[in-house]
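> generate a structure from the sequence data that follows.
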Amino acid sequence: MKKELFCYLTFLLCVAICFVSCSDKDETIVCPIKNFTFTDVSGLALTYSGKPMLGKKVEFIPDAADATKARLILSGALVDLSDILGSVAMNSRAGITDLLKFASPGVIPGEKTTELHVTLNIDGDMVTFSGEEEQNGGIIRYNGSATKSFLKLDLNVALPENGFADTSWNLVPQKSVEPVYYVWKTSANPIWGSILVRAIFTAKVVDNKSIPQLLSAILKEVRFLPDGNIQAVYKNGIADAEWNDSDLNLAMYRMGEQENQIKLFLNLSQIMDTAMSVTTLSRASGISSVDIKELLKLIPMLSEGIPLYYEQDGNGGMKVYVGEDVLLPLLKAVKPLFEDEEFLNMVIEAMKSDPQFGGMAGMMVPTLKLLPEIIKNTTQLEIGLDLTQVK
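Numbers count the residues shown, from 1 in each chain. Model prediction:
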């Protein structure tokens, strides 16, 4: 009897051990998402400060040792400028189109990649996560969810080390060309650069208004937001009464490596989605004559940031401008147009036939003919805005 009882109890113990072992195996936590890179076309829904952000990618990397942990690698997706400059690429030497492909700026301005370490809440085939990280002088708050085919990520970022964070600026009161700041110096024909740029800015281009007058009519305010966004308060047209806030995540900034420098980051994917007509640009008259080799010098800036420079006067005023490191490649790119006699004659005839330019045509003819030489001998070139801080 005792022997039978012992065997029975041993049998029950073995069953219990097997049951517990099976239960432990069944409860093993497994992350339902494998290593995958999400983009706009592969399931990524990214928001930054509550607004959609396009042109980025997020790599989801589960932790092999802990299913409740993962890394998110945030960066810029590939942009192909040959979609925009198709006619240029087609008329250039073989292989040039490959150079028109580049990574867009990272998600957070000034960072090519940003890495987040997240703790996952697993529910079937979905994971959710939220948290906060402080890195590179910024505070990143995130909230998201993901499946194997979809990643939703909401970011709210504060960049307190950005020197202009939470400041707003107006154009200086419009008088002549005052809202526009410019310097153009050349070693040959030193006065022609200044004459040319002033002629451009004083010419009546639309509704009997010059470029500075148009800017003053449609641009009310420029804001540097704490998250790194640059936002404009503007009108769609000079006759409109309503002021609008520009969309977020089109243009962003971070303080530059040099003193008195800002890096401007343009989200071309978002800009094209919002406003740009790719077909119109790619078919623009004469664009195939542009020197694409000079434009290629600017491609790295589209990833790493376009340098802007600023000078503050101590009384609430500031000049913000683009320098020759950006402007000279642009001018050299279009220089072949002004070496083309047919194109030059076309421009001159157009000026003569336009009532707004007709009176200037005689003065501008020699300047236009000298333009290639002026560009070649440029020593200093700065064009930007004169701003005053909103108190």
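
> where is the longest strand in the protein?
strand 378-389 (DSSP state E).

> what does that strand rub up against?
Contacts of strand 378-389 with the rest of the structure, by C-beta atoms under 8 Å, 6 or more residues apart in numbering, involve 167-172, 178-187, 193, 197, 215, 222, 308-309, 316-324, 327-328, 331. Any C-beta I mention is one placed from the backbone N, CA and C, and that applies to glycine too.

> out of those, which sit inside strands?
Using DSSP E, the contacts of strand 378-389 in strands are 167-171, 180-186, 222, 308-309, 317-322.

> what's opposite T39 in the beta bridge?
K57 (DSSP bridges).

> oh, and call the first residue 59 from now on, that's how I've got it
That works, and once the first residue is 59, the last one we named lands at T97.

> what about R256, neighbour count?
Per other C-beta atoms under 10 Å, the neighbour tally for R256 reads 15.

> give the residue spans of the stretch 109-258 of the chain that score low on pLDDT.
Scanning the stretch 109-258 of the chain with the threshold set as pLDDT under 70 gives 141-156, 232-236.

> those helices in it, which residues are they?
Secondary structure of the stretch 109-258 of the chain by DSSP state H, counting those that start in this stretch: the helices cover 144-148, 250-260.

> returning to what we had before: buried subset of the ones in strands among the contacts of strand 436-447?
225-229, 238-242, 244, 280, 366-367, 376-380 (16 or more other C-beta atoms under 10 Å).

> could you report the neighbour count for V405?
V405: 17 surrounding residues under other C-beta under 10 Å.

> now it: closest residue in space, sequence neighbours ignored.
With C-beta to C-beta, 6 or more residues apart in numbering as the criterion, V405 has its nearest non-adjacent residue at 6.6 Å, and that residue is L426.

> may I ask which helix or strand encompasses the one you found?
Using DSSP states H and E, the element containing L426 is helix 419-434.

> got the buried residues for stretch 161-170?
Buried residues in stretch 161-170, counted by 16+ other C-beta under 10 Å: 161-169.

> let me fix that: stretch 246-264
Neighbour-count burial for stretch 246-264 [16+ other C-beta under 10 Å]: 250-251, 253-255, 258-259, 261-262.

> go on, stretch 112-125?
112-120, 125.

> of the residues you listed, closest to P394?
G113 (31.1 Å; C-beta to C-beta).

> I figured that closest one was touching D98, is that so?
Yes. Here G113 reaches D98: they are 7.0 Å apart, a contact under C-beta atoms under 8 Å.

> now the common contact residues for these two.
Common contact partners of G113 and D98 (C-beta under 8 Å, 6+ apart): 135, 327.

> quick revisit: just the CA atoms of the longest strand of the chain, as CSV, please.
C-alpha atoms of strand 436-447 as CSV (Å, rounded to 0.1, in the frame of the first residue of the first chain):
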residue,chain,number,x,y,z
THR,A,436,33.6,87.7,-57.3
THR,A,437,35.4,88.1,-53.9
GLN,A,438,32.4,88.6,-51.6
LEU,A,439,28.7,87.9,-52.1
GLU,A,440,26.1,88.1,-49.4
ILE,A,441,22.3,88.3,-49.9
GLY,A,442,19.8,88.1,-47.1
LEU,A,443,17.2,90.0,-44.9
ASP,A,444,17.4,92.8,-42.4
LEU,A,445,15.3,91.8,-39.4
THR,A,446,14.2,93.4,-36.1
GLN,A,447,13.2,91.3,-33.1
